[in-house]
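Engineer: Predicted model follows, preceded by the sequence.
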Amino acid sequence: MKSVPTLSSAFLHPAGQTLPEPLLALRKQRASGLVDMPLPTRKTENWKYSSKYLKLSDDMAISLPAAGKAGNSLAVPGYKVVFTNGVMIPEASEYPDLDGITIQSFSDLNADDAQNLSLQLGGTLNHDQAQFARVNGARFEDGLLIRLKPGAVLDQPLFVIHDTAADACGSAYPRIYVEAGTNSQMTLVEEYTSSGEASALVNTVTEFNLADGANITSIRLNMEGENVQHIGATGVLQARSSRFESHCVGFGGPLRRHDLQVRLEGEGAETKLNGVVVTQNKQHYDNHTSIDHVAAHCTSEETYRNIAADQSHAIFNGRIHIHQDAQKSNANMNNKNLLLNNGAEIDTKPELEIYADDVKCAHGATIGQLDETSAFYLVSRGIGRQQANVLLTMAFINELVSQIPVAAVRETAQLRLNDFFEQTFQEI
Amino acid sequence: MLSIKNLHASVNGEEILKGINLEIKAGEVHAIMGPNGSGKSTLSQVLAGNETFEVTEGEVTLNGDNLLELVTEERAREGVFLAFQYPVEIPGVSNLQFLRTAVNAMRKHRGEEEMNAAEFMKLAKDVSRQVDLDPAFLKRGVNEGFSGGEKKRNEIMQALLLQPKLAILDETDSGLDIDALQVVSNGVNALRADDRAILMVTHYQRLLNHIVPDYVHVLAGGKIVKSGGRELALELEERGYGWLGIDAVDTSN
């Protein structure tokens, strides 16, 4: 019998020791639990379609060095925190002292805060479904802690730029923890970018812990290069009457994986998850979402769109679990897919587990191709075939992209998607 | 302007057009009438370049240029415009974006500068009023949720914006009430010009009360079986197609 491959022990050794003691201790403890962690194979249910894209090597286990300067100096319409290879770059970050809101790197935490954080980190996630979040737990070199006191409102979006500077082979482990107090509000924009050409792995964890009535909007743009494998997990815990809204826009790569887990633990909590994925050439993207309706009277609304061109491969797995006591749950999941070429593959799988009897739960999934009649209509007006295809493909996701609440991010996403499709249709 | 010689076309191996001959000069308006299934819509689609139909024989030239060698968008840029019988709904692409992209594709082809959003908006508003279409429609998806009449007015609006050399109107009167018919007809009449040819495909003579053609042709069994002036349409209205030796075909719908 062939033995199951395990995570190389090289991945268990973080480089830096600059974190406060309680976090160092936590990291060490997490690492000890990872000895012989089985790597996913095609027999691993939640990695069935994606394990073949995962290419880990020992030299990739090396922590990418925290660059001295910011890899990304773009102006953003809001506050900005820049991380390079998972380590905060204070010189490149711009945010004011705000009443009731603290934004701090893990390395800057005092012993008490670090102690408290060490008790919370990872608490929003089911690690059995997001195995690599454990690796992040053993490897994070730094991180961002955002705490909103009760009633605090962040008046502008906070952009967290996570740049992977891959000048040599290695990996980075960005981490964000958001603790949103009662009735607090903020919009967090995570942008994942990369520079350099060497093979790299980015393994991210972002956690949102929402107290009663908190209102959080999360926008996530995955835009790393072809040399970067990305495995990310986002965990969300929602207390009573809290509201969480997520907009993910992902561009394919050699390996792209995002697990988004939401637990609705307080009555009246609402969650809305929007996602757009585009892949071309031999790219890959795998979204696994999971919504647990634990408490009664909660609402979840999930809409994901995948567009796959050439020989690329997109995967959507949407799980909704309605627990026994979650009466009057209202859950709606919709996944539409567009295949642009015969060689492309899209796998979509809704998973519904319903243990309460008085609930509304609907799901729908479709896979289709560009409509020739629509294309003919457009070209009959003199619009070139390439441009017609771009228009029709953008039309497939406009409904979601147009909902991104920060105008600058929305426009960036639209431009990048447009460029992506122009490239996709160039040779047709 | 437009010259069609011995045009044969098939779909899925079945021949629909069986040798069409037609000459339209600049400034003229021609109407093609005929019973259902005679090939009227096929002729429109073939001229516009729909690849579902295969041209097996014959030639089509526009101002001497071989149209059949051009793909659909190239024909459009050379001045061919087809007002669809069933305009397509495209949610997610705004009417404004669609129209501006089309107008700019034409301008680019002619070596003119592209119009910016503000310039185009002004033009589009003016033209939408010409066909009595609320400018609010510009912001909606292409034909999305438009009534039958609004779709037809949107087609004529596109013709007015794109200023084609040859406008083919496929059953533009179908599904229109009297008021909408008047608006659409006014739009088409506004298109009439000395340097433009118009080919109207219609089932009913009533449109021809509003847009008076110079010539009327009867298409049956994939061929033009009779040509005449305006009075031919009136005669068809009165006597049906039977007297032309065309097999009785149900023309009631």
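Structural biologist: The structure has been received and is ready for your questions.
Engineer: Residues of the stretch 101-250 of chain B that sit close to chain A?
Structural biologist: Residues of the stretch 101-250 of chain B that fall close to chain A, judged by C-beta under 8 Å from any C-beta of the partner chain: B:101, B:102, B:105, B:106, B:109, B:141, B:142, B:158, B:162. For the C-beta atoms, the positions are set from N, CA and C on the backbone; glycine is no exception.
Engineer: Quick check, the residue in chain A closest to chain B?
Structural biologist: The minimum distance from chain A to chain B, using C-beta to the nearest C-beta, falls at residue A:395 (2.8 Å).
Engineer: my guess is that residue contacts residue B:92, does it?
Structural biologist: Yes. Assessed by C-beta atoms under 8 Å, residue A:395 is found in contact with residue B:92 at 2.8 Å.
Engineer: if we can go back for a sec, can you spell out which helices and strands pack onto the strand or helix carrying the residue of chain A closest to chain B?
Structural biologist: Element membership of residue A:395 [criterion: DSSP states H and E] is helix A:385-401. Judged by 3 or more C-beta pairs under 8 Å, 6 or more residues apart in numbering or on different chains; DSSP states H and E, the packing partners of helix A:385-401 are strand A:270-279, strand A:299-308, strand A:330-339, helix A:372-379, helix A:407-424, strand B:90-94, helix B:95-109.
Engineer: ok, now how distant is residue B:170 from residue B:53?
Structural biologist: 13 Å (C-beta to C-beta, to the nearest Å).
Engineer: out of the two, which sits in the busier spot?
Structural biologist: residue B:170 (23 against 19; other C-beta atoms under 10 Å in any protein chain shown).
Engineer: contacting residues for the more buried one?
Structural biologist: B:40, B:41, B:44, B:45, B:82, B:83, B:84, B:85, B:201 (C-beta atoms under 8 Å, 6 or more residues apart in numbering or on different chains).
Engineer: Weed out the non-buried ones from those residues.
Structural biologist: B:40, B:41, B:44, B:45, B:82, B:83, B:84, B:85, B:201 (16 or more other C-beta atoms under 10 Å in any protein chain shown).
Engineer: Now do the helix holding residue A:395 against strand A:299-308, angle only.
Structural biologist: Counting by axes from the mean of the first three to the mean of the last three C-alpha atoms, to 10 degrees, helix A:385-401 points 160 degrees away from the direction of strand A:299-308.
Engineer: element containing residue A:137, please.
Structural biologist: Using DSSP H and E, residue A:137 falls within helix A:131-139.
Engineer: sorry, back to before: so which of the helices and strands packed on helix A:385-401 comes closest to residue B:185?
Structural biologist: helix B:95-109 (21.7 Å; C-beta to C-beta).
Engineer: Next, the angle from whichever helix or strand comes after that closest one to helix B:95-109.
Structural biologist: Going down the chain from helix B:95-109, the next helix or strand is helix B:117-130, by DSSP H and E. On the basis of the same axes, to 10 degrees, helix B:117-130 is oriented at 110 degrees to helix B:95-109.
Engineer: wait, what's in contact with residue A:81?
Structural biologist: Counting by C-beta under 8 Å, 6+ apart, residue A:81 has contacts A:88, A:93, A:95, A:103, A:144, A:158, A:159, A:160, A:161.
Engineer: Reformat the helices and strands packed on helix A:385-401 as JSON lines; add mean neighbour count, mean pLDDT and distance to residue B:20.
Structural biologist: Formatted as JSON lines, the helices and strands packed on helix A:385-401 follow (neighbours: other C-beta atoms under 10 Å in any protein chain shown; pLDDT from 0 to 100; distance: least, C-beta to C-beta, whole Å):
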{"stretch": "strand A:270-279", "mean neighbour count": "24", "mean pLDDT": "98", "distance to residue B:20": "45"}
{"stretch": "strand A:299-308", "mean neighbour count": "23", "mean pLDDT": "98", "distance to residue B:20": "41"}
{"stretch": "strand A:330-339", "mean neighbour count": "20", "mean pLDDT": "97", "distance to residue B:20": "38"}
{"stretch": "helix A:372-379", "mean neighbour count": "20", "mean pLDDT": "96", "distance to residue B:20": "21"}
{"stretch": "helix A:407-424", "mean neighbour count": "17", "mean pLDDT": "94", "distance to residue B:20": "39"}
{"stretch": "strand B:90-94", "mean neighbour count": "20", "mean pLDDT": "94", "distance to residue B:20": "31"}
{"stretch": "helix B:95-109", "mean neighbour count": "21", "mean pLDDT": "95", "distance to residue B:20": "27"}
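Engineer: Which one, of the ones you listed, ends up nearest to residue A:19?
Structural biologist: Minimum separation from residue A:19 across the helices and strands packed on helix A:385-401 (C-beta to C-beta) falls at helix A:407-424, 30.5 Å.
Engineer: hey, C-alpha coordinates of that closest one in PDB?
Structural biologist: Listed next in PDB are the C-alpha coordinates belonging to helix A:407-424 (Å, rounded to 0.1, in the frame of the first residue of the first chain):
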ATOM      1  CA  ALA A 407     -16.100  52.400  -5.800                       C
ATOM      2  CA  ALA A 408     -12.300  52.400  -6.300                       C
ATOM      3  CA  VAL A 409     -12.100  48.600  -5.600                       C
ATOM      4  CA  ARG A 410     -15.100  48.000  -7.900                       C
ATOM      5  CA  GLU A 411     -13.400  49.900 -10.700                       C
ATOM      6  CA  THR A 412     -10.100  48.200 -10.200                       C
ATOM      7  CA  ALA A 413     -11.900  44.800 -10.300                       C
ATOM      8  CA  GLN A 414     -13.800  45.800 -13.500                       C
ATOM      9  CA  LEU A 415     -10.700  47.000 -15.200                       C
ATOM     10  CA  ARG A 416      -8.700  43.900 -14.300                       C
ATOM     11  CA  LEU A 417     -11.500  41.600 -15.300                       C
ATOM     12  CA  ASN A 418     -11.900  43.400 -18.600                       C
ATOM     13  CA  ASP A 419      -8.100  43.100 -19.300                       C
ATOM     14  CA  PHE A 420      -8.300  39.400 -18.300                       C
ATOM     15  CA  PHE A 421     -11.100  38.700 -20.800                       C
ATOM     16  CA  GLU A 422      -9.500  40.700 -23.600                       C
ATOM     17  CA  GLN A 423      -6.500  38.400 -23.100                       C
ATOM     18  CA  THR A 424      -8.700  35.300 -23.000                       C
END
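Engineer: could you measure the residue of chain A closest to chain B against residue B:97, distance?
Structural biologist: Taken as C-beta to C-beta, the span from residue A:395 to residue B:97 is 10 Å.
Engineer: what residues does chain A put near chain B?
Structural biologist: A:373-374, A:376-385, A:387-388, A:391-392, A:394-399.
Engineer: Buried only: go through those residues for me.
Structural biologist: Those of the residues of chain A next to chain B that meet the buried threshold are A:374, A:376-385, A:387-388, A:391-392, A:394-399, by 16+ other C-beta under 10 Å.
Engineer: Find the centremost residue of chain A, please.
Structural biologist: residue A:258 (4.8 Å; C-alpha atoms, centre = their mean).
Engineer: Now do the same for that one: its pLDDT.
Structural biologist: Note on residue A:258: pLDDT of 98.
Engineer: Look at it and give its secondary structure.
Structural biologist: strand (DSSP: H, G, I helix; E, B strand; the rest coil).
Engineer: Can you name the residues bridging to it?
Structural biologist: residue A:232, residue A:287 (DSSP bridges).
Engineer: So it is in contact with residue A:277, correct?
Structural biologist: No. If you go by C-beta under 8 Å, residue A:258 and residue A:277 don't touch, sitting 9.0 Å apart.
Engineer: Now do the helix holding residue A:137: which elements does it pack against?
Structural biologist: Against helix A:131-139 (3+ C-beta pairs under 8 Å, 6+ apart) you get helix A:21-32, strand A:200-210, strand A:228-238.
Engineer: Given the next helix or strand after it, what are its sheet partners and their directions?
Structural biologist: Sequence-wise, the next helix or strand downstream of helix A:131-139 (DSSP H and E) is strand A:144-148. Paired with strand A:144-148 in the same sheet, following DSSP bridges, are strand A:101-105 (antiparallel), strand A:175-180 (parallel).
Engineer: just these: most buried one?
Structural biologist: Using mean count of other C-beta atoms under 10 Å in any protein chain shown, the stretch among those with the largest mean neighbour count is strand A:175-180, at a mean of 24.
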